[in-house]
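S.K.: coords below, sequence missing:
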């Protein structure tokens, strides 16, 4: 399969195959990271600063109350809150940045016909790299200490894969919608807040009322957070039913986002 690269200025067609798509993706990811951390002292490790500070805040306020749900251990609560914050921060940052990626590159797309999906995907891949360099080593160390299992340390990548699939789906959806609805960022802030408050980020899932819990279980982030916590903190064998549910949910939203993106892509150029 070939993609066509068309330059309006000289009316020349160039061939852009799949290998070149990944080359372009690599260039955009590299550019994104360089722009983001140019002149930065800590670089990718700044991504850990927000969850660490918020974990300290939540521990100060809720630690003594919620520690009983984590074997009466403040340390376990700290690790649980940090895990939840890492997940929700990755989702929020990736999707919010991807939301404006197509419109933000509208001038470039009006000059050169490029695969539009490369822009939101490059944002996500930059954040995946940031996660692997910053947050994952911390999660891996915690998992190894708590579970004493190298297998658990490797398996923790499966719910993260589910998170990436979910983020890809939502990013493709919101970046497409933003082409048509320029007020979307204001509404999306509310959506992110609802997903954050309905996920067991700083509170244990056990305290949620049985009447409300079925509604909260619809939130894919809840399964992902609970799966990562189960692998990281429990010290037991990974719950593959929980991992499978997270992966299926991620695949569903990735497919949904890609379907909407494909169905609306032909109308983008009229509005960019």
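M.R.: Here it is on my side, so go on. These figures come from a predicted structure and were not determined experimentally. Residues are numbered from 1 along each chain as shown.
S.K.: so, low pLDDT: which residues of this structure?
M.R.: Residue ranges of the chain with pLDDT under 70: 1-19, 39-43.
S.K.: setting the sequence-adjacent residues aside, check what's closest to the residue nearest the centre of it.
M.R.: Centrality entry for the chain: nearest residue to the mean C-alpha point is residue 91, 3.3 Å, by CA atoms, centre = their mean. In space, residue 91 comes closest to residue 167 once its chain neighbours are excluded; the distance is 5.8 Å by CB to CB, 6 or more residues apart in numbering. (Each C-beta comes from the backbone N, C-alpha and C, glycine too.)
S.K.: quick one, helices of the stretch 151-272 of the chain?
M.R.: Using DSSP state H, counting those that start in this stretch, the helices of the stretch 151-272 of the chain run over 157-180, 184-197, 213-216, 220-233, 240-264.
S.K.: swap that for the stretch 1-150 of the chain, please
M.R.: 18-37, 49-66, 74-99, 101-104, 106-111, 118-133, 135-147, 150-155.
S.K.: which one of the ones you listed lies nearest to residue 205?
M.R.: helix 74-99 (10.3 Å; CB to CB).
S.K.: circling back: what's the most buried one of the helices of the stretch 151-272 of the chain?
M.R.: Of those, the one with the most neighbours on average (mean count of other CB atoms under 10 Å) is helix 220-233, at a mean of 25.
S.K.: and the angle for that one with helix 157-180?
M.R.: Relative orientation of helix 220-233 and helix 157-180, computed by axes from the mean of the first three to the mean of the last three CA atoms, to 10 degrees: 160 degrees.
S.K.: tell me what helix 220-233 is packed against?
M.R.: On a contact count with 3 or more CB pairs under 8 Å, 6 or more residues apart in numbering; DSSP states H and E, helix 220-233 meets helix 74-99, helix 135-147, helix 150-155, helix 157-180, helix 240-264.
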